[in-house]
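S.K.: this is a predicted model, with the sequence first.
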Amino acid sequence: MTITPLSVPPTDTEVDHWWAVLASARTADLPGTPPPSRTEVAGRLRVPSARGRAVHWAAEGAIASLVLFADGSNDHTAFLDELTVRPDARRRGEGTVLWERVREELRAQGRTSVSAEVDLGGPGQAFAESLGFENVLPMAWYVQEVPGVRNLPAGALASGYELRCWPGPVPDDWAQAVAVAHGAMDDAPSGDLDQRIQTWTAERLHAAHGLILARGGALTTVAAVTPDREVAAYTELVLPDPAGPRGLQYDTVVVPAHRGHGLGRAVKLRMLAEAAALHPSLRTIATSVADDNTPMLAVNASLGYRRERPAGYFQLKL
């Protein structure tokens with residue numbers, strides 16, 4: 001079996017092969033969940049991660065992608081972004097051979113651990129556990145039906161706050177305040193992951209948002225702000241493909257000093273309304289939440305999010 005590193009940048013033929021493997025696997029393993037579009041796949045392959053160096057390999061019926069963090073805090077670990085085998089090519093050893101190539105790269109780069117996000121109950125979990133990966137952060141995917149948001153009561157925003165909506169990158173004069181608010185994510189459940197938390201800055205925020213746009217996606221941020229220009233809470237919606245039917249709810253943050261005022265629900269509710277207005281083809285918004293994140297689970301339940309499938313961050317110590 002031949003394993004080939006993808007060109008830099010990947011050719012159209014390589015992108016098409018990658019897309020075909022992902023689409024067939026998603027259709028077989030997660031029926032009812034839309035597969036990634038070609039726009040999304042091409043963007044992820046051709047525009048490198050802001051956090052490190054990505055390496056991509058392809059075999060006849062399988063693909064693998066590894067992100068080697070290079071942010072100064074996590075140079076000891078890595079993230080296995082993909083290791084997917086086309087359904088009709090399974091049980092032929094392609095996944096195992098690809099994994100051995102990934103492991104060689106991890107050793108060559110001196111990494112002591114690697115993590116991956118895995119759906120539970122399917123072939124991914126069985127394969128990961130056979131390699132020695134352990135579920136260190138149980139979580140689940142939840143989805144919100146966008147057409148249903150018109151039936152949700154808006155409610156009153158707590159006194160002393162104003163909602164701001166920013167399609168695209170956060171404006172320069174608000175970027176540092178959003179970055180400071182992101183620090184409230186430090187107390188979110190992270191299990192036993194080896195990844196270390198980094199301090200967010202305006203520059204890092206702009207880099208993360210710029211990556212989404214460079215890959216062909218769309219981004220909207222909704223924030224609850226105070227008269228002193230403090231960002232008390234915010235949420236982000238990302239559309240990997242603006243023409244696609246599914247968006248992703250990224251971070252939702254409420255700064256500790258402002259908790260208990262319903263701001264998490266307020267920013268997410270405003271985001272749902274903005275999404276329905278800005279993206280007519282959008283049908284669902286998906287988000288992952290750790291099983292231990294009780295406050296966010298409660299907020300999502302109040303907005304009508306339904307549990308779609310269990311998942312977990314799996315980690316292997318090398």
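M.R.: Done, it's in. What you are looking at is a predicted structure, and each value in this text was computed from that prediction instead of being measured.

S.K.: what's the longest helix in the chain?
M.R.: Determined from DSSP state H, the single longest helix within the chain is helix 12-29.

S.K.: the helix or strand following it: how far from the chain's middle?
M.R.: As assigned by DSSP states H and E, the chain's next helix or strand after helix 12-29 is helix 38-46. Helix 38-46 sits 14 Å away from the centroid of its parent chain (C-alpha atoms, centre = their mean, to the nearest Å).

S.K.: CA atoms of helix 38-46 as PDB?
M.R.: In PDB, the C-alpha atoms belonging to helix 38-46 read as follows (Å, rounded to 0.1, in the frame of the first residue of the first chain):
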ATOM      1  CA  ARG A  38     -15.700  20.600  -0.900                       C
ATOM      2  CA  THR A  39     -15.300  24.200   0.000                       C
ATOM      3  CA  GLU A  40     -14.700  23.300   3.700                       C
ATOM      4  CA  VAL A  41     -12.400  20.400   2.800                       C
ATOM      5  CA  ALA A  42     -10.300  22.500   0.400                       C
ATOM      6  CA  GLY A  43     -10.000  25.300   2.900                       C
ATOM      7  CA  ARG A  44      -8.800  23.100   5.700                       C
ATOM      8  CA  LEU A  45      -6.200  21.400   3.500                       C
ATOM      9  CA  ARG A  46      -4.900  24.500   1.800                       C
END
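
S.K.: just the buried positions in that helix, please.
M.R.: Buried positions in helix 38-46, judged by neighbour count with 16 or more other C-beta atoms under 10 Å: Arg38, Thr39, Glu40, Val41, Ala42, Gly43, Arg44, Leu45, Arg46. For every residue, glycine as well, the C-beta is placed using N, CA and C.

S.K.: list the residues that contact the fifth one.
M.R.: Ala42 makes contacts with Pro10, Val15, Trp19, Gly216, as judged by C-beta atoms under 8 Å, 6 or more residues apart in numbering.

S.K.: could I get those residues in JSON lines, plus columns for distance to Thr199?
M.R.: Converted to JSON lines, these look like this (distance: C-beta to C-beta, whole Å):
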{"residue": "Pro10", "distance to Thr199": "33"}
{"residue": "Val15", "distance to Thr199": "35"}
{"residue": "Trp19", "distance to Thr199": "36"}
{"residue": "Gly216", "distance to Thr199": "29"}
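
S.K.: go ahead and confirm Leu237 touches Arg246.
M.R.: No: contact criterion C-beta atoms under 8 Å: Leu237 and Arg246 do not qualify, at 11.2 Å.

S.K.: quick check: neighbours shared by these two?
M.R.: When contacts are counted by C-beta under 8 Å, 6+ apart, Leu237 and Arg246 have Ile285 as shared neighbours.
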